Every structure is written in C-alpha cells, then in structure tokens.
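Novice: quick one: sequence and predicted model below, then my questions.
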Amino acid sequence: MTAHAVAHRSTERKRQMTNTSTTTAPQGNILLEGRVAVVTGAGSGIGAASAATLAARGARVCCADIDAEGAQRTAEEINAAGGDAFAIRTDVSLPEDNEAMVRETIARYGAVHIAHLNAGTGEPSSVLEYPLDAWDRTMAVCLRGVLLGLQAAGRAMLDAGGGSVVVTSSTAGLIGVRMAAAYSAAKHGVLGLVKTAAMELGPKGIRVNAICPGFIASNEFMRKMGEERNVGSRFPLGRAGRSEDVANLVVFLASESASFISGSVYTIDGGWLAGPEARPAAAEDSQNN
C-alpha cells in the first residue's frame with residue numbers, strides 16, 4: 001500500500017468515526033493514531049464507552065469482558081464506525097486470561113500502549129452479614145484483577161518502550177459506602193496499588209493513574225434509577241454523569257497530553273465530594289464500571 005493510500009485510509013476512518021452516533025464525539029485535538037489499547041469490562045457501560053472513544057481517537061482496541069457477547073457487540077460497533085477492534089472473553093481474576101488478552105492483542109496489533117483496567121463487580125450486604133464468597137468474588141475482580149491486568153499489560157508496555165495504565169476505582173474508594181463493604185474496600189485498595197505501581201513503573205516509562213467515578217448513568221437501568229431518584233439534583237453540576245464523561249477522562253490520561261501525570265487520582269462525580277453539603281445517600285449509587 002502506498003503512503004498516499006495509507007493517509008487516505010486513515011483520513012477516511014477518522015471521518016467515519018466522527019460522523020457516527022455509535023461513538024463519542026471527538027475530544028479536542030487528542031489523537032491516538034498508532035496506539036494500541038486494551039479495555040477490560042468493555043462489554044457495557046463505562047468500558048464500552050472507553051473502548052469506543054479510544055477507537056474514535058485512532059487507537060486500535062481489544063475489548064475484553066467476561067460477557068463475551070457484550071464485548072463482541074462493542075467491537076462490532078467500533079468496526080462499523082470505521083475503527084479497528086476485536087473482542088475476547090476475559091475473566092480478569094484469572095492470570096491466564098489476562099495473559100491471553102495481552103498476547104492476542106500483540107498478535108493482532110503488534111504492541112500494547114494503553115490499558116484501561118475497568119472490570120468490576122459488587123454485591124450489597126451489611127458488614128456483619130457479608131458472605132465470604134461474595135467478598136472473595138468482589139476482591140478477585142476489583143483488586144486482584146487490577147494487579148493481574150497491570151502485570152500482563154505492564155510487561156507488554158516494557159517491550160513497547162512505555163505506556164499508560166488507567167484504573168477505574170470509584171468514589172466508593174474515597175469514602176465509606178453503606179451496604180458495600182467489599183466493593184468499597186477493594187476500590188480503596190486499588191488506589192494504593194495504583195500509587196505503588198506508578199512509583200515502580202514510572203522510571204520505565206509507564207504511567208499509572210486512577211479515576212473515581214461517582215453516579216454514572218452507564219446503562220438504561222442506571223439512567224432510569226437516576227431519574228426516579230432525581231440523582232442529578234444532588235450534584236453541584238445538576239446532572240448525573242454519563243459514560244462518555246468518564247471515557248473522555250480516560251482518553252486524556254492515556255494520551256501524551258498527560259505525559260507528566262502519574263500516580264494521580266481523578267474524581268469524576270459532578271462535584272459531589274467537593275464539600276459537606278453532599279448527601280450521603282448518593283454514595284450507595286456509586287458502584288459503576
């Protein structure tokens with residue numbers, strides 16, 4: 001293929017993705033052409049929006065999720081919009097699945113430069129009655145899964161000469177949350193892991209940051225619940241968050257525009273945690289991935 005043909009193909013792909021309703025709108029001048037990303041929890045919600053937005057900015061994307069159909073749907077929407085993505089079933093709690101995710105991405109695209117470790121789960125229960133099996137499942141996905149993703153993607157980034165890891169924590173990782181002991185504990189733990197990884201991997205050219213979403217209308221159920229509870233009125237910005245809001249932050253942190261940012265924690269909650277007027281009831285709605 002000639003250089004002119006390559007340039008034409010790239011321009012056409014960006015034009016298609018800009019004009020489609022299945023992806024988010026372009027974000028400023030941030031471009032990720034030539035970069036390769038893996039996104040866990042990409043089958044729905046924040047993960048799907050992140051995968052689509054990374055692709056809209058030019059990255060090639062691995063859409064990983066334990067929900068294989070959801071991951072495939074996300075990849076198909078990206079490809080239909082002119083992007084380049086594939087899906088792989090991944091249980092992030094298993095070392096072999098994380099390794100397979102990265103191995104297949106490298107086989108298809110040659111490298112891994114960006115990882116959005118977003119998969120999460122949680123079950124409601126009181127502290128005194130929390131079932132140990134539910135505790136272990138939550139920790140396996142939300143904390144162990146981040147470590148395993150960091151290890152697999154981080155090794156690949158060493159081979160690529162550096163990269164950026166963005167980990168989804170939560171506002172539940174910054175405060176206590178009633179009826180969500182395991183989720184809150186895991187999301188607190190993620191922040192310690194992110195900061196430690198940033199210290200160790202920074203000298204190797206790998207940046208590691210965390211994002212802490214509050215209430216995000218990440219699917220139809222969450223959107224309807226937000227409307228029924230009038231969640232938007234609880235926030236200084238007057239509305240609930242959208243998956244695209246979080247995805248845009250991920251793209252920024254993944255890009256060279258954030259080249260001097262590592263070990264940082266970004267709250268994205270419409271101002272809910274900014275001051276004492278916040279209503280504690282909103283914390284129960286902060287389990288998003």
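Specialist: Cool, the structure landed.

Novice: going along the chain, name the strands of the stretch 151-289 of the chain.
Specialist: In the stretch 151-289 of the chain, the strands defined using DSSP state E, counting those that start in this stretch lie at 163-168, 206-213, 216-217, 241-242, 265-268.

Novice: reformat the ones you listed as TSV; add mean pLDDT, distance to residue 66 and mean neighbour count.
Specialist: (Glycine included, C-beta is placed from N, CA and C.) TSV is the format used below for the strands of the stretch 151-289 of the chain (pLDDT from 0 to 100; distance: least, CB to CB, whole Å; neighbours: other CB atoms under 10 Å):
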stretch	mean pLDDT	distance to residue 66	mean neighbour count
strand 163-168	98	15	26
strand 206-213	98	20	26
strand 216-217	87	20	25
strand 241-242	92	24	20
strand 265-268	97	24	18
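
Novice: dump these into a markdown table; add distance to residue 108 as well.
Specialist: Shown next, in a markdown table, are the strands of the stretch 151-289 of the chain (distance: least, CB to CB, whole Å):
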| stretch | distance to residue 108 |
| --- | --- |
| strand 163-168 | 17 |
| strand 206-213 | 21 |
| strand 216-217 | 30 |
| strand 241-242 | 30 |
| strand 265-268 | 30 |
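
Novice: quick one: closest of those to residue 289.
Specialist: Ranking the strands of the stretch 151-289 of the chain by proximity to residue 289 (CB to CB) places strand 163-168 first, at 5.7 Å.

Novice: other residues contacting that closest one?
Specialist: 41, 46, 112-118, 120, 146, 150, 153-154, 156-157, 190, 193-194, 197, 201, 205-211, 213, 246, 250, 253-255, 258, 289 (CB atoms under 8 Å, 6 or more residues apart in numbering).

Novice: hmm, try it at 7 Å
Specialist: Contacts to strand 163-168, defined as CB atoms under 7 Å, 6 or more residues apart in numbering, come from residues 46, 112-118, 120, 146, 150, 153-154, 157, 190, 194, 206-211, 213, 250, 253-254, 289.

Novice: how about the contacts made by residue 113?
Specialist: 35-37, 157, 160, 163.

Novice: who wins for most neighbours among those residues?
Specialist: residue 37 (31 neighbours; other CB atoms under 10 Å).

Novice: okay, the residue nearest the centre of the chain: pLDDT?
Specialist: Nearest to the mean C-alpha position of the chain, counting by CA atoms, centre = their mean, stands residue 118 at 3.9 Å. According to the prediction, residue 118 has pLDDT 98.

Novice: my read: it touches residue 289, true?
Specialist: Yes. Counting by CB atoms under 7 Å, residue 118 touches residue 289, with 5.6 Å between them.

Novice: overlap in contacts, those two.
Specialist: 41, 46-47, 168.

Novice: among those, which lie within strands?
Specialist: Among those, the members found in strands (DSSP state E) are residue 168.

Novice: Serialize the shared contacts of residue 118 and residue 289 to TSV and add fields for distance to residue 68.
Specialist: Converted to TSV, the shared contacts of residue 118 and residue 289 look like this (distance: CB to CB, whole Å):
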residue	distance to residue 68
41	13
46	18
47	14
168	20
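
Novice: look up how far residue 149 lies from the residue nearest to the centre of the chain.
Specialist: According to CB to CB, to the nearest Å, residue 118 and residue 149 sit 9 Å apart.

Novice: what residues are shared contacts of the two?
Specialist: Common neighbours of residue 118 and residue 149 (criterion: CB under 7 Å, 6+ apart): residue 40.

Novice: top helix in the chain by residue count?
Specialist: Identified as the longest helix of the chain according to DSSP state H is helix 181-201.

Novice: which other residues reach that one?
Specialist: The contact list for helix 181-201, computed with CB under 7 Å, 6+ apart, reads 122, 127, 130, 134-135, 138-139, 142-143, 146-147, 150, 154, 167, 169-170, 172-173, 176-177, 207-210, 262-263, 265, 287.

Novice: ok, residue 87 - how many residues close by?
Specialist: So residue 87, with other CB under 10 Å, has 25 neighbours.
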